[in-house]
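Quick check, what structure comes out for this input:
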Amino acid sequence: MAGGSLQDRIDAAGSPVRLLRELPGRRFQAPYPDQHTSWQVEQAAWRESAVLFDQSHHMTDVYLKGPDVTRLLSDTGVNGFDGFGRNRAKHFVACNDDGHMVGSAVLFGLEDDEVSLVGPAGAANFVQYRAATGGYDVEVVRDERTRDQAGGRRRTFRYEVEGPNAWAVVERAHGGPIEARRFFAMFDLTIAGRPTRALVHTMVGTPGTASMGLELMGPVEDGPACLEALLAAGDGLGLVQGGALAYYTGSIESGYMAQPTPAVYTGERLRPYREWLAGDGYEASLSIGGSFASSRIEDYYVTPYDFGYGHLVKLDHDFVGRDALVEAAKAPKRRKVWLAWHDDDVTRVIASSLFGGAGRAKLLEVPLGRYARVQWDAVSRDGRPVGISTLCGYTVNMGAFCSVAMLDEGDAVDGTEVEVLWGEEGGGSGKATVEPHVQTTIRATVSTGPLVR
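Numbering: from 1, shown residues only. Here you go, the predicted model:
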């Protein structure tokens, strides 16, 4: 593992882009199976019956406790915090002073003075740094993802149950009816006699659809009993366990673009932060892949408006990046859309990648086409650059290969045909996930709404 700081790694590489584009990382291997049955069955289950995902391992949890917790979050995040406290949850977004995203995470209100930030570590790292350097009365405890644990034991289990039968499964395991609640509501219940918390949430469908379910969490020692109770409750209701492949492809249906490039690699104001960050941490290990290529890391930065999080920005308080976001709200911006890739082009690329010899295309893996932590493929229309395609893959519910994209507002129109440039420049970067290949284009049709409704 690399030592030193993130700044040391950037200096050694010569530039942030050179560091992140050439990282030899492979696809993240979760400490649970890629498939329990088959990824097709598991994908269909969140549309037709119910699926259970074990989310206990792949995310970093950072716990913050103390009298200044809410003030710290309000000073750092774009979200509003009026009435925030126990059993409240938010999709938390943090930006730098220029209004570009540092990261996002799910924020759980555990008590009025205690929260946890769960997800990719970018946002939580930034909050932790500000807690340590900003004079806030806050205690920070980290619970690294299982892969990075010295002993491999987490503090909390997390199970997500999704699909039209999800509530019935959880009600059976709870032993009684559960009152319907709004999206992102939190509440207490009991599973297998153990106190458990629930978040109304979805990582595979769209809020308000039949696939919306519940994320259940509690002390890790209660996890096995709760899992057994949930699986038993799903007997006869079509509940299946989902693996890593189905889990990550579900994000495409819901329109979740995974994670931005943390906007921390440049600027003297953030140099102390880069010197604080570890040289083998999240920001130093975030591989960037795809056909969009620039020597400027700033060209990989996004605002919350570009990323589809504009509705989370509340300008009623002062926070890092507020002034820049006031101006960004007035300026032209990109819009999150879904791209349905044309079947004949997808078939051609897959065939070329397998049988094309020296002129082969970049392998398009099914069901998940992502080969870097941050996947950025250039999108054009009539030869003109119009945006970026991100997470891409196939689900049986969409019935096509699709991606989530950020397009210029004038081109983010239903039915518009665009082209995704597939593969990397110059025959591919030095990533272990990139074989020698030739770039090609894939036609796609724009949809401003989810492709599964």
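
Would you check that Arg9 makes contact with Ala284?
Yes. Arg9 lies in contact with Ala284 (Cβ atoms under 8 Å); the separation is 4.8 Å. In this view, the C-beta of every residue, glycine as well, is placed from N, C-alpha and C.

Go ahead and measure how far the worst-scoring helix or strand of the chain on mean pLDDT is from the middle of the chain.
Within the chain, confidence by mean pLDDT, DSSP states H and E is lowest for helix 244-254 among all helices and strands, at a mean of 91. Remark: helix 244-254 is offset 10 Å from the chain centroid, using Cα atoms, centre = their mean, to the nearest Å.

just stretch 316-328 next, same as before
So, by Cα atoms, centre = their mean, the centroid of stretch 316-328 is 23 Å from its chain's centroid.

now swap in stretch 182-199 and tell me
With Cα atoms, centre = their mean, you get 23 Å for stretch 182-199.

which residues are in contact with it?
87-91, 106, 108-109, 170, 173-175, 178-179, 181, 200-201, 207-208, 212, 214-219, 222, 225-226, 228-230 (Cβ atoms under 8 Å, 6 or more residues apart in numbering).

which one is the residue nearest the centre of the chain nearest to, not counting chain neighbours?
The centroid of the chain falls nearest to Ala258 when counting by Cα atoms, centre = their mean (2.5 Å). Distances taken as Cβ to Cβ, 6 or more residues apart in numbering put Leu391 closest to Ala258, at 5.3 Å, once the chain neighbours are dropped.

my guess is the one you found contacts Ile252, does it?
Yes. Proximity of Leu391 to Ile252 meets the contact threshold set by Cβ under 8 Å, at 5.5 Å.

higher neighbour count, those two?
More crowded of Leu391 and Ile252, by other Cβ atoms under 10 Å: Ile252, with 31 against 22.

Please work out how many residues are found near Gly83.
For Gly83, using other Cβ under 10 Å, the count is 6.

Please read the previous query as pertaining to Lys330.
Per other Cβ under 10 Å, the neighbour tally for Lys330 reads 7.

Please tell me how far it sits from Asp306.
Per Cβ to Cβ, to the nearest Å, Lys330 is found 14 Å from Asp306.

How about Ser403?
Counting by Cβ to Cβ - Ser403 and Asp306 are separated by 15 Å.

The two: which is more packed in?
Higher neighbour count among Ser403 and Asp306: Ser403, with 25 against 22, using other Cβ under 10 Å.

Excluding sequence neighbours, find me the nearest residue to that one.
Nearest to Ser403 is Cys392, by Cβ to Cβ, 6+ apart, at 3.6 Å.

Surely Ala173 is in contact with Leu227?
No. With contact defined as Cβ under 8 Å, Ala173 does not count as touching Leu227 (9.8 Å).

So between the two, which is more surrounded?
Shown here are Ala173 and Leu227; by other Cβ under 10 Å, Ala173 has more neighbours (23 against 20).

hmm, who's touching the one helix or strand that one maps to?
Per DSSP states H and E: Ala173 is located in helix 166-174. With contacts defined as Cβ under 8 Å, 6+ apart, helix 166-174 is touched by 50, 52, 161, 177-178, 189-192, 198, 211-214, 216, 226, 229-230, 232-234, 237, 239.

What are the boundaries of the helices in this structure?
Using DSSP state H, the helices of the chain run over 6-13, 16-21, 39-48, 69-76, 121-133, 166-174, 223-233, 244-254, 271-276, 322-330, 343-355.

angle of the fourth one against helix 121-133?
Calculated by axes from the mean of the first three to the mean of the last three Cα atoms, to 10 degrees, helix 69-76 forms an angle of 110 degrees with helix 121-133.
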